[in-house]
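[1] My questions concern the predicted model and sequence given below.
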Amino acid sequence: MPVELRILAWGALLLVVHIFTATRFKTAQYGRKWNAGARDEALAPPSPITGRTMRAQANFQETFPIAIVALLGVVLADRTNDMTALGGWIWLGARVVYLPLYAAGIPVIRTVVFGISMVGLGLVLAPLFAA
């Protein structure tokens, strides 16, 4: 099995971690009744930590489709190589680090880590643009 598919599977697990992390903080703020309910009621604005975990989840959900296209694309096109594997691991590692940085409210380093993750995706995508 190509390593890029393994990285993609780890990315899917990381999405689950994002979802459960944000839900944990929302439940802590709004209560178990809210979590188990229909969630129709208007809510107070999220606390800083709740808001940050929600935004980190949204950011991951916005960029994960790019990773799916890149990692699956190089496998389907039979364009995998050492650089696509390295790029995938860079993307995944940076995204793992991104969540706690965002949750902790660390601004500049978080942005640098996001940039590193995008460089990783660039390494994966490059063979798909090569002639």
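    Received the coordinates, thanks.
[2] Stretch 25-45 - what's its average pLDDT?
    Averaging pLDDT along stretch 25-45 gives 89.
[3] I'd like the distance from it to the chain centre, please.
    Offset of stretch 25-45 from its chain centre (Cα atoms, centre = their mean, to the nearest Å): 24 Å.
[4] what packs against the worst-scoring helix or strand of the chain on mean pLDDT?
    The weakest-scoring helix or strand in the chain, judged by mean pLDDT, DSSP states H and E, is helix 32-36 (a mean of 88). If you count contacts as 3 or more Cβ pairs under 8 Å, 6 or more residues apart in numbering; DSSP states H and E, helix 32-36 packs onto helix 3-30. The C-beta positions use only the backbone N, C-alpha and C, and glycine is treated the same way.
[5] Could you list the buried residues of the helix it packs on?
    Neighbour-count burial for helix 3-30 flags 3-4, 7-8, 10-11, 14-15, 18, 21-22, 25-26, 29-30 (criterion: 16 or more other Cβ atoms under 10 Å).
[6] Please apply the same query to stretch 46-61.
    46, 50-54, 56-57, 59-60.
[7] Looking at those residues, which are in helices?
    Among the buried residues of stretch 46-61, the residues falling in helices (DSSP state H) are 50-54, 56-57, 59-60.
[8] Could you export those residues as JSON lines, including pLDDT?
    Shown next, in JSON lines, are those (pLDDT from 0 to 100):
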{"residue": "Thr50", "pLDDT": "96"}
{"residue": "Gly51", "pLDDT": "97"}
{"residue": "Arg52", "pLDDT": "98"}
{"residue": "Thr53", "pLDDT": "98"}
{"residue": "Met54", "pLDDT": "97"}
{"residue": "Ala56", "pLDDT": "98"}
{"residue": "Gln57", "pLDDT": "98"}
{"residue": "Asn59", "pLDDT": "97"}
{"residue": "Phe60", "pLDDT": "98"}
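[9] Determine which two of the residues you listed are furthest apart.
    Spatial extent of those (Cβ to Cβ) is set by the pair Thr50 and Phe60 at 16.0 Å.
[10] So, low pLDDT: which residues of the chain?
    Residues of the chain that meet the criterion pLDDT under 70 lie in 131.
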